[in-house]
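J.: I would like the atomic coordinates for the input below:
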Amino acid sequence: MFDTIADALDTWAVAHQLHWQRLYKDSEVRSLDLTLSDGRIAQIWVDGSSTAGWSVNAWDRKAMKFSRHVADSTQMGEALSEALSTVRSW
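T.: Numbers count the residues shown, from 1 in each chain. Alright, predicted model coming up:
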């Protein structure tokens, strides 16, 4: 499912010293959890497809804040960085 964006996801994660969760309940996913400076947990995940487009989603579980960035494969790194900046600003 993530073949067309796998390199972009992995390059971005290495640059930010983060690690993707790749499997959840026997389904392929790309998700990561972040511990924010005040100890809260935020999550960034990617869903969609190469034909319909990709969404980079972010949320703060406790505050229930949510953000979505739409991207194609060429914009994936930028969308991920925007999502990371967003969760760090919460």
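J.: need the helices for the protein, in chain order.
T.: 6-15, 76-89 (DSSP state H).
J.: Could I get the buried residue list for the last one?
T.: Just to be clear, that refers to helix 76-89. Across helix 76-89, burial judged by 16 or more other C-beta atoms under 10 Å covers M76, G77, A79, L80, A83, L84, T86, V87. No exception for glycine: its C-beta is placed from N, CA and C like everyone else's.
J.: between that helix and helix 6-15, how many degrees?
T.: Orientation of helix 76-89 against helix 6-15 (axes from the mean of the first three to the mean of the last three C-alpha atoms, to 10 degrees) gives an angle of 40 degrees.
J.: what sits up against helix 76-89?
T.: For helix 76-89, the surrounding residues in contact (C-beta atoms under 8 Å, 6 or more residues apart in numbering) are 5, 8-9, 11-12, 16, 34, 36-37, 42, 44, 46, 54, 56-60, 67, 69-71.
J.: Quick check: beta-bridge partners of F66?
T.: Note on F66: beta-bridge partners by DSSP bridges are W59.
J.: show me the contacts for S55.
T.: Taking C-beta under 8 Å, 6+ apart, one finds V46, D47, G48, R68, H69, V70, A71 in contact with S55.
J.: Which members of those residues are classed as buried?
T.: V46, G48, H69, A71.
J.: Mind checking which of those are in strands?
T.: In strands, judged by DSSP state E, the following of the buried ones among the contacts of S55 are found: V46, G48, H69, A71.
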